[in-house]
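[1] Show me the folded form of this:
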Amino acid sequence: MRKQIAAANWKMNLTMEQGEKLMDEIIAGDIALKEHQLAVFAVPFPYLINVKNKTDNVNNFYTAAQNCASEKAGAFTGEVSVEMIKSIGINYVVIGHSERREYYNETNELLAKKVNLALDANVQPIFCCGEPLQIREANTQNAHIEKQLEESLYHLSAEAMNGFVIAYEPIWAIGTGLTASSAQAQEMHAHIRTVLANKYGEDVANSISILYGGSVKAANSAEIFSQQDVDGGLVGGASLVAAEFINIIKSLS
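    Now for the predicted structure:
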């Protein structure tokens, strides 16, 4: 059975004190995860060790970095390498988030380098893909997503892709007032899984967790997560509110 994941992305929010309070409230939320269910907290670099110390004490809770450098080591002031992340016991890293692509011009080719470094260090990428509004309006979203997957992931072996984690972000439905329906989420997730099956075979495609990253909230998480090819969510703003994220985690079916 493939993993179901509720992943929090704090982005550039919260002080250390606020983050610790949030984690304590979530941990106190009486969450009982099944063996195949995970809660993952992608937090700012300065908080990784503190949050990891908290998640280590909770069954199936994990900590993730929000990004990593595209080089292994060297004279890259201000960057954080995958090996640094791994050395403090972090097992997940978000790669290719829409904000990294849009604001920092991260290309598919650059993200392929990050994916390689993560896998080499035995850190699981949470690889993000998704289309902006103009692509959705032109009805070319399928080709857009396929190109992102092809240029960043298709060099990987079937073994490397087995149990991989992908997050689909409909960028046009994040903070815009527009909403993607659960049916639209399922449609794209099914397309992604079909594309991966064509490349790697159905067994590998069916082992890959595909998370939905389009303004998931407690009010819509159960419906979204109930879709056949939706394996959880990558949650932004709602993950900063303990009661919201507790209910989202509990929405994993």
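
[2] Next, count neighbours for residue 176.
    Residues contacting residue 176 under the criterion other Cβ atoms under 10 Å number 11. Where you see a C-beta, it was placed from the backbone N, CA and C, and this is true even at glycine.

[3] can I assume it is in contact with residue 133?
    Yes: Residue 176 lies in contact with residue 133 (Cβ atoms under 8 Å); the separation is 7.2 Å.

[4] Show which residues not belonging to stretch 94-110 make contact with it.
    Residues outside stretch 94-110 that contact it (Cβ atoms under 8 Å, 6 or more residues apart in numbering): 7, 9, 11, 42, 64-68, 70, 111, 114-115, 118, 125-130, 132, 147-148, 151-152, 167, 169, 171, 174, 234.

[5] Those in strands, which ones?
    When DSSP state E defines the strands, the subset of the contacts of stretch 94-110 inside them is 7, 9, 42, 64-65, 125-129, 167, 234.

[6] Check those residues and tell me the two furthest apart.
    Taking Cβ to Cβ as the measure, these span a maximum distance of 18.6 Å, between 65 and 129.

[7] pLDDT value on the residue nearest to residue 195 when sequence neighbours are not counted, please?
    Nearest in space to residue 195, with sequence neighbours left out and distances taken as Cβ to Cβ, 6 or more residues apart in numbering, is residue 146 at 5.6 Å. For residue 146, the pLDDT comes out at 98.

[8] Enumerate the positions of the host helix or strand of residue 48 that are buried.
    Counting by DSSP states H and E, the element that carries residue 48 is helix 48-55. By neighbour count on 16 or more other Cβ atoms under 10 Å, the buried set for helix 48-55 is 48, 51-52, 54-55.

[9] returning to what we had before: and which of the ones in strands among the contacts of stretch 94-110 is nearest residue 36?
    For these, the minimum distance to residue 36 (Cβ to Cβ) is 14.7 Å, reached by residue 7.

[10] any idea how far that closest one lies from residue 90?
    As for residue 7, its distance to residue 90 is 13 Å (criterion: Cβ to Cβ, to the nearest Å).

[11] Pull up the overlap in contacts between these two.
    Common neighbours of residue 7 and residue 90, using Cβ under 8 Å, 6+ apart, are residue 64.

[12] Going by distance to residue 188, which of the ones in strands among the contacts of stretch 94-110 wins?
    With Cβ to Cβ as the yardstick, the closest approach to residue 188 among the ones in strands among the contacts of stretch 94-110 comes from residue 129, at 9.5 Å.

[13] Can you tell me how far that closest one is from residue 148?
    When distances are taken as Cβ to Cβ, residue 129 and residue 148 turn out to be 4 Å apart.

[14] sorry, back to before: model confidence over the helix holding residue 48, on average?
    Mean pLDDT, taken over the full extent of helix 48-55, equals 98.

[15] Show me how far that helix is from its chain's centre.
    18 Å (Cα atoms, centre = their mean, to the nearest Å).

[16] what does stretch 225-233 give?
    Stretch 225-233 has its C-alpha centroid displaced from the chain centroid by 13 Å (Cα atoms, centre = their mean).

[17] Could you list the single helix or strand in this protein with the lowest mean pLDDT?
    Taking mean pLDDT, DSSP states H and E as the measure, helix 133-137 is the helix or strand of the chain with the lowest mean score, a mean of 93.

[18] Tabulate the CA atom coordinates of that one in PDB.
    Only the C-alpha atoms of helix 133-137 are listed here, as PDB (Å, rounded to 0.1, in the frame of the first residue of the first chain):
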ATOM      1  CA  LEU A 133      -3.200  30.100 -14.600                       C
ATOM      2  CA  GLN A 134      -2.200  30.900 -18.200                       C
ATOM      3  CA  ILE A 135      -1.300  27.200 -18.800                       C
ATOM      4  CA  ARG A 136      -4.600  26.100 -17.300                       C
ATOM      5  CA  GLU A 137      -6.600  28.600 -19.400                       C
END
